[in-house]
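S.K.: Just a sequence and a predicted model for now, questions to come.
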Amino acid sequence: MTTSLTLDHLKAMFAAGLTAVTEAKEELSSLDAATGDGDHGTAICQAMTAICNTADKGTDLKQSLNDMGFAAMMESCGSTSTLIGALLLGMSDGVDGNELSPAAVATMFNSGLANLRQQTKADIGDKTMMDALIPAITAIDTHQGSDLSTMFNTAAKAAADGRDATKDMVAKFGRARNLGDRVIGHTDAGATSIALIFQAFANSLD
């Protein structure tokens with residue numbers, strides 16, 4: 001049972017996330033091609049690779065998250081790198097110390113989401129990555145009394161449910177919004193990658 005999160009845990013979590021999106025790279029781009037420009041698989045792999053390469057050099061949790069956020073933002077892979085970078089920079093702002101309790105982990109993710117919301121107005125129901133990310137962080141926030149494995153398994157389930165819900169939505173952001181009702185029936189690629197990453201986070205802590 002894991003009851004505190006360290007930088008080593010975080011490195012393992014993001015490494016697992018990179019493996020998950022790399023294995024699904026073609027599927028993610030195929031999903032994106034149905035409603036967008038078809039490059040999401042490449043974009044999320046590029047951003048996660050930069051994040052993991054930077055994390056591997058880190059020795060301090062707060063500084064590492066900050067460096068990981070800037071590394072993502074330096075990648076030229078569209079909104080994906082900007083949004084993931086903003087999340088990580090906000091997470092860094094919410095960290096105090098190198099060993100986080102479940103409550104401190106919730107504070108870290110809530111801080112990340114607050115910073116991300118300054119970069120995008122997308123919310124639940126808009127058919128974006130936020131449809132998976134917001135439920136995942138809400139689950140983390142409501143399971144502060146649990147061990148980290150339970151916390152992240154619950155978050156992964158919430159992210160997957162959010163991903164599945166995008167299939168019936170009309171997009172309100174990006175190129176997909178120009179397609180109107182024609183995007184109904186297609187799962188959002190960004191929400192899918194977020195769900196994969198949170199499932200990988202959970203698996204790495206089991």
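M.R.: Looks like it came in fine. Residues are numbered from 1 along each chain as shown.
S.K.: next helix or strand past the helix or strand hosting Ala159?
M.R.: Per DSSP states H and E: Ala159 is located in helix 148-165. Next along the chain after helix 148-165, taking DSSP H and E as the criterion, comes helix 189-205.
S.K.: From the contact counts, what lies against that following helix?
M.R.: If contacts are counted by 3 or more C-beta pairs under 8 Å, 6 or more residues apart in numbering; DSSP states H and E, helix 189-205 sits against helix 7-23, helix 25-35, helix 40-55, helix 130-142, helix 148-165. Glycine gets a C-beta too; all of them are placed from N, C-alpha and C.
S.K.: Which strands or helices does the helix holding Ala159 pack on?
M.R.: Against helix 148-165 (3+ C-beta pairs under 8 Å, 6+ apart) you get helix 102-116, helix 130-142, helix 189-205.
S.K.: hmm, who's touching the shortest one?
M.R.: Applying C-beta atoms under 8 Å, 6 or more residues apart in numbering, the contact partners of helix 130-142 are 87, 105-106, 109-110, 112-113, 116, 120, 122-125, 151-152, 154-163, 165-166, 169, 188, 190-192, 194-195, 198.
S.K.: Show me what the least confident helix or strand in the chain by mean pLDDT is packed against.
M.R.: Within the chain, no helix or strand scores below helix 25-35, which has a mean of 93 by mean pLDDT, DSSP states H and E. Packing partners of helix 25-35 (3+ C-beta pairs under 8 Å, 6+ apart): helix 40-55, helix 189-205.
S.K.: Convert the last one to PDB, retaining C-alpha atoms only.
M.R.: Output for helix 189-205, consisting of C-alpha atoms alone and laid out as PDB, is shown next (Å, rounded to 0.1, in the frame of the first residue of the first chain):
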ATOM      1  CA  ALA A 189      -8.500  11.800 -28.900                       C
ATOM      2  CA  GLY A 190      -7.300  14.100 -26.200                       C
ATOM      3  CA  ALA A 191      -9.700  12.600 -23.600                       C
ATOM      4  CA  THR A 192      -8.600   9.200 -24.700                       C
ATOM      5  CA  SER A 193      -4.900  10.000 -24.100                       C
ATOM      6  CA  ILE A 194      -5.600  11.400 -20.700                       C
ATOM      7  CA  ALA A 195      -7.600   8.300 -19.800                       C
ATOM      8  CA  LEU A 196      -4.600   6.100 -20.900                       C
ATOM      9  CA  ILE A 197      -2.200   8.200 -18.900                       C
ATOM     10  CA  PHE A 198      -4.300   8.000 -15.700                       C
ATOM     11  CA  GLN A 199      -4.700   4.200 -16.100                       C
ATOM     12  CA  ALA A 200      -0.900   4.000 -16.500                       C
ATOM     13  CA  PHE A 201      -0.500   6.100 -13.300                       C
ATOM     14  CA  ALA A 202      -2.700   3.700 -11.400                       C
ATOM     15  CA  ASN A 203      -1.000   0.600 -12.800                       C
ATOM     16  CA  SER A 204       2.400   2.000 -11.800                       C
ATOM     17  CA  LEU A 205       1.300   2.400  -8.200                       C
END
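S.K.: That concludes my questions; thank you for your assistance.
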